[in-house]
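[1] Show me the folded form of this:
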Amino acid sequence: MQDFELVFDPLPGDELRRFVVEQLEAHLLTATGEASYYPVGYFLKSPRGEWLGGLLGTLWGGWLHPPGHAKYFMRKQLAATSD
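    Predicted coordinates for the structure are as follows:
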């Protein structure tokens, strides 16, 4: 049996992040046959040109997937409202 090493890195470099994303995308494509993948970005701007907010994510498989940090805050908010 091989000895594997589990490494914690909250801020991985671009190369490692790309590797993980590419592997996940390849698996999802094989498992679902769904290849449509679109980045999305919607932003709210005031009449004076000030940026007020926005939404970032990816459309895949008919669903909007927010970035990883957004999922953390969504889980935190849901936990707070369920108490």
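[2] C-alpha from now on. contacts and neighbour counts both.
    Fine.
[3] ranges for the strands of this protein?
    Taking DSSP state E as the test, the strands found in the chain are 37-45, 51-60, 63-65.
[4] Same list (those strands) but as TSV, adding mean pLDDT and mean neighbour count.
    Compiled in TSV, these are given as follows (pLDDT from 0 to 100; neighbours: other C-alpha atoms under 10 Å):
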stretch	mean pLDDT	mean neighbour count
strand 37-45	90	11
strand 51-60	89	13
strand 63-65	83	13
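[5] Let me know which of the ones you listed is the nearest to A79.
    strand 63-65 (19.4 Å; C-alpha to C-alpha).
[6] chain center to the closest one, what's the gap?
    Once both centres are worked out by C-alpha atoms, centre = their mean, to the nearest Å, strand 63-65 turns out to sit 9 Å from its chain's centre.
[7] by contact count, what packs against it?
    The elements that strand 63-65 packs onto, with contact taken as 3 or more C-alpha pairs under 8 Å, 6 or more residues apart in numbering; DSSP states H and E, are strand 51-60.
[8] List the contacts of the strand it packs on.
    By C-alpha atoms under 8 Å, 6 or more residues apart in numbering, the surrounding residues in contact with strand 51-60 are 34-46, 64-67.
[9] Repeat that for stretch 22-36.
    Residues outside stretch 22-36 that contact it (C-alpha under 8 Å, 6+ apart): 59-61.
[10] Is W60 bridged to anything, and to what?
    With DSSP bridges as the criterion, W60 is bridged to Y37, W63.
[11] Make 41 the starting number, not 1.
    Got it, first residue is 41 now, which makes that one W100.
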